[in-house]
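Student: Here's a sequence, model it:
(chains A and B)
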2 protein chains.
Amino acid sequence: MDEVLRQHIEKLLPLTDEEFAFVLSHFTVESYKKHDFLIEKGKSVRHNYFVISGLLKLVHNDELGKEHIVSFAMEDWWESDYFAFYNGGKASMSLQCLEDTQVFCITLEAYNNLCAGLPKIEHFLLIKGTGGHIAAQQRILSFLTSNAKERYDQFVRKYPLLFQRVSKTLIASYLGVSRETLSRLSS
Amino acid sequence: MDEVLRQHIEKLLPLTDEEFAFVLSHFTVESYKKHDFLIEKGKSVRHNYFVISGLLKLVHNDELGKEHIVSFAMEDWWESDYFAFYNGGKASMSLQCLEDTQVFCITLEAYNNLCAGLPKIEHFLLIKGTGGHIAAQQRILSFLTSNAKERYDQFVRKYPLLFQRVSKTLIASYLGVSRETLSRLSS
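Tutor: Numbers count the residues shown, from 1 in each chain, chains lettered A, B, ... in the order given. Next comes the predicted model:
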């Protein structure tokens, strides 16, 4: 399982055995069942998560109790409520398992210690962070695109594996369209 | 003017004179007039921009020609179409001056050379990138929040200076509400 994390990092940054052991010592591994919560709205956010196996949804529940999907996260993806994680505040979103899920977890303290103890890891984190920032900017753009068909096509093109794996109801929530609209788009 | 960039970096990372000269050698300075475009939709994105003075809007024009504001950028902020900047593609958004604006510009090649030549700068870039990622995640959340009043209050609270500086029409476009709705919210 450790190899999953090593391969993930070494795609961008070669590490010696000693360096990887140091990296690994900053993480814990946790296993969750389908429907379990990793982050609950209103509670503290203790970790940033790297998905080893499984599938998560990051959701916002509005005041009417309606669930909106901010993002999905599957194997090789990082996810957290980043504002709360970095600022020590309460979660404004929930992170919940759509499948049984295993994750590497890192606390903010461990994250800071890791960067201080192995500055070269910041090169890896910078590239991953840039990727996350790009994905978020693209998602904002998708909200501003008024054409639901275009949004749907983008999703299928960008995330073909995810498309196979999540229900149409969840995809509709992610795209911000009704289940009925989605049926029309996908037919 | 160079001091603006130096102070901006040194808030997070102390630099020697020699290091800062190295950093500075990777940037150019450009001046634009109100209404000028730094990035035009459909064209190449050559730079990531750091605002020295002035105010920018990053916008998406939908197929009906309606303008949606993805973000604003003022003094001390970085802005670009990040997907196109990092992937060498064409811009899907435009970046335009709301006031006369002066910026530091860095190309992707210069950015990569800077990181390779001065790895400690990645610590600074990681913190800035994390901030940008958080802001983007918060903006996604704001779209999912159905309550326009809440969205308006958040904007006023988070960006009091910006609120003074941009027209109500632009704020309405940023919040995704009509100009009439905004008048109601702000009264």
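
Student: so what's the backbone phi/psi at the residue in chain A that chain B sits nearest to?
Tutor: Residue of chain A nearest chain B, by Cβ to the nearest Cβ: A:Ala136 (3.4 Å). The way it works is simple: take the backbone N, C-alpha and C, and place the C-beta from them, glycine included. Phi and psi for A:Ala136, reported as degrees, to the nearest 10, are phi -70, psi -40.

Student: go on, A:Leu15?
Tutor: According to degrees, to the nearest 10, A:Leu15 has phi -130, psi 140.

Student: What is the neighbour count of it?
Tutor: Neighbourhood size, A:Leu15 [other Cβ atoms under 10 Å in any protein chain shown]: 18.

Student: again with A:Asn61
Tutor: When counting by other Cβ under 10 Å, one arrives at 14 neighbours for A:Asn61.

Student: May I have the beta-bridge partners of it?
Tutor: A:Glu67 (DSSP bridges).

Student: Need the pLDDT of it.
Tutor: Listed pLDDT for A:Asn61 reads 86.

Student: ok, it - contacts?
Tutor: Shown in contact with A:Asn61 (Cβ atoms under 8 Å, 6 or more residues apart in numbering or on different chains): A:41, A:67-68, A:94.

Student: who touches the residue nearest to A:His35 when sequence neighbours are not counted in this structure?
Tutor: Closest residue in space to A:His35, ignoring its immediate chain neighbours: A:Cys97 at 6.2 Å, by Cβ to Cβ, 6 or more residues apart in numbering or on different chains. For A:Cys97, the contacting residues are A:32-38, A:54-56, by Cβ under 8 Å, 6+ apart.

Student: can the residues you listed go into a markdown table with extra columns for neighbour count and distance to B:Asn112?
Tutor: Output for these, formatted as a markdown table (neighbours: other Cβ atoms under 10 Å in any protein chain shown; distance: Cβ to Cβ, whole Å):
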| residue | neighbour count | distance to B:Asn112 |
| --- | --- | --- |
| A:Tyr32 | 19 | 38 |
| A:Lys33 | 10 | 43 |
| A:Lys34 | 12 | 42 |
| A:His35 | 10 | 43 |
| A:Asp36 | 14 | 41 |
| A:Phe37 | 14 | 40 |
| A:Leu38 | 24 | 34 |
| A:Gly54 | 19 | 34 |
| A:Leu55 | 20 | 34 |
| A:Leu56 | 25 | 32 |
